[in-house]
Each structure stands twice: as structure tokens, then as C-alpha cells.
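**Student:** Let's see this in three dimensions:
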Amino acid sequence: MINQIVVILGITFLVMISPGPDMVIVMRNTLVGGRAAGLKSSLGVLTGNLVHIIYCAVGIGWLISQSILAFTILKYAGAAYLIYLGLVSLFSKSDSLGMEGAASAPSGKKWFLQGLMNNVLNPKGTLFYLGVFTMVITPETSTSATLVLISIMMLVSASFWLFFVATLDSGVVRKFLVRSQQAVNRLFGGLLIFLGLRVAVMER
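**Tutor:** Numbers count the residues shown, from 1 in each chain. Sure thing, here's the model as predicted:
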């Protein structure tokens with residue numbers, strides 16, 4: 001059990017600090033809508049993690065990884081969503097960061113849904129949690145131990161997002177980024193489109 005906890009802590013932390021679609025969308029939404037938007041987007045991402053965990057636990061994740069059609073549909077849906085968000089960011093107004101853009105920003109529900117959809121439609125999430133349920137949480141792992149390990153994954157993820165959003169929304173960081181609003185919008189747009197294209201060409 002101790003070995004499993006150490007492995008879970010390590011791989012979850014490494015995945016969290018690795019740049020990817022979730023990090024980009026939470027960063028973008030925090031800068032556009034403030035701390036509340038970032039936290040709601042993070043909550044959407046965490047809910048998406050639970051969705052991946054549930055279907056991998058019951059075996060559907062394995063079916064998706066083995067089915068070319070299912071994996072392809074998931075892959076292209078995720079890629080299209082990322083590219084769409086990238087285009088929105090590219091063509092957004094230069095004053096869309098900070099309080100000036102808060103009035104026209106999406107509602108709290110939309111921030112949450114962006115984080116949720118971004119996570120659920122990412123096929124890498126399926127492969128990651130399928131790997132966890134193959135190598136770390138095995139059929140021999142007891143129900144109580146499984147719940148403990150899943151709770152640890154979620155706690156590490158939630159702690160990271162709280163720290164990440166708080167850092168981005170700090171006065172110094174926000175003032176620096178707001179001064180370069182147009183460049184930041186283009187940077188996020190380009191990153192999201194790049195990640196979308198990368199997802200589109202990924203293989204199982």
C-alpha cells in the first residue's frame with residue numbers, strides 16, 4: 001500500500017506540472033475571468049478526472065483504447081474543441097484580460113463546462129487513468145485501498161490547481177500579463193490550436 005501511495009503521488013504530480021490542454025485552459029480562463037473563473041474551470045477539470053476514473057474502473061476505458069473508431073472519435077472531438085477555443089482566443093479583443101473583460105466573460109457554469117469538456121475529450125486522460133488502473137490500482141487492490149488512492153490523486157490535483165490559480169491571479173503576475181493583453185491572447189490561441197493539432201495526430 002505504501003508503495004502504491006508513493007507511485008500515485010509521483011505520477012500525479014508529474015502529470016500535473018506537465019504543460020497540456022488542462023493547464024492552458026485554466027490559465028487562459030483565470031486571466032480572462034479572474035480567480036473565480038480559474039477555480040470553476042479547475043473544478044470542471046477535476047470532475048472530468050472523476051469521469052475518466054469511473055469508466056476506467058468499470059472497464060470502458062480499456063474498450064476505448066482498443067476500439068479504433070471510439071478512440072478516433074474521442075481524439076478528433078477533443079482536437080476540434082481545442083482548436084475552436086484557440087480561434088476564439090486568437091480573435092478575442094485586446095482588452096479581454098482582467099476586469100475590463102469580466103462583464104462579457106462566460107458565466108460560472110460555462111467556465112466549469114469548458115474545464116469539464118476540455119478534460120473529458122482529451123484521449124490522453126483515458127490512456128493515463130487506464131495505465132493507473134492497469135499498473136498501480138489492480139483487480140487485487142481492495143475497495144478501501146482503491147478509494148484511498150483515488151482520493152490521493154484528486155487531492156494532489158486539487159491542491160495543484162488551487163496553487164496555480166492563486167499564483168496566476170496574484171497582483172504582480174496579472175499586472176504583467178494585462179499589460180501585454182493582445183500578445184497573451186495570441187499566445188494562448190496559438191497554444192490551444194497547437195495542442196489541438198497535436199491531439200489530432202496522436203496515436204494510441
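**Student:** ok, how many other residues are close to the nearest residue to F91 once chain neighbours are set aside?
**Tutor:** In this structure, F91 finds its nearest non-sequential neighbour in G189, 7.7 Å apart by Cβ to Cβ, 6 or more residues apart in numbering. C-beta coordinates here come from the backbone N, C-alpha and C atoms, glycine included. Close neighbours of G189, defined as other Cβ atoms under 10 Å, add up to 20.
**Student:** What distance do you get for G189 to I53?
**Tutor:** Distance, G189 to I53, using Cβ to Cβ, to the nearest Å: 31 Å.
**Student:** Now A166: closest residue in space, sequence neighbours ignored.
**Tutor:** According to Cβ to Cβ, 6+ apart, the nearest residue to A166 is R35 (7.1 Å).
**Student:** helices and strands of the protein: which one bottoms out on pLDDT?
**Tutor:** helix 171-178 (a mean of 73; mean pLDDT, DSSP states H and E).
**Student:** Pull it out as PDB, backbone CA atoms only.
**Tutor:** Extracted C-alpha coordinates of helix 171-178, given in PDB (Å, rounded to 0.1, in the frame of the first residue of the first chain):
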ATOM      1  CA  GLY A 171      -1.300  41.200  -8.400                       C
ATOM      2  CA  VAL A 172       2.200  41.100  -9.900                       C
ATOM      3  CA  VAL A 173       1.600  38.300 -12.400                       C
ATOM      4  CA  ARG A 174      -1.800  39.800 -13.500                       C
ATOM      5  CA  LYS A 175      -0.500  43.300 -14.000                       C
ATOM      6  CA  PHE A 176       2.400  42.000 -16.100                       C
ATOM      7  CA  LEU A 177       0.100  39.900 -18.300                       C
ATOM      8  CA  VAL A 178      -2.600  42.500 -18.600                       C
END
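**Student:** Look up which helix or strand the most centrally placed residue in the chain falls in, please.
**Tutor:** Centroid-nearest residue in the chain: D22, 2.4 Å away (criterion: Cα atoms, centre = their mean). Assigned by DSSP states H and E, D22 belongs to helix 21-33.
**Student:** List the residues that contact F188.
**Tutor:** By Cβ atoms under 8 Å, 6 or more residues apart in numbering, F188 lies in contact with V24, M27, R28, L31, G86, S89.
**Student:** Setting the sequence-adjacent residues aside, check what's closest to the residue nearest to the centre of the chain.
**Tutor:** In space, and not counting its chain neighbours, D22 is closest to V45: 4.9 Å by Cβ to Cβ, 6+ apart.
**Student:** what about the helix or strand where that neighbour lies, distance to the chain center?
**Tutor:** If you go by DSSP H and E, V45 is part of helix 35-57. On the basis of Cα atoms, centre = their mean, to the nearest Å, helix 35-57 sits 7 Å off its chain's mean C-alpha point.
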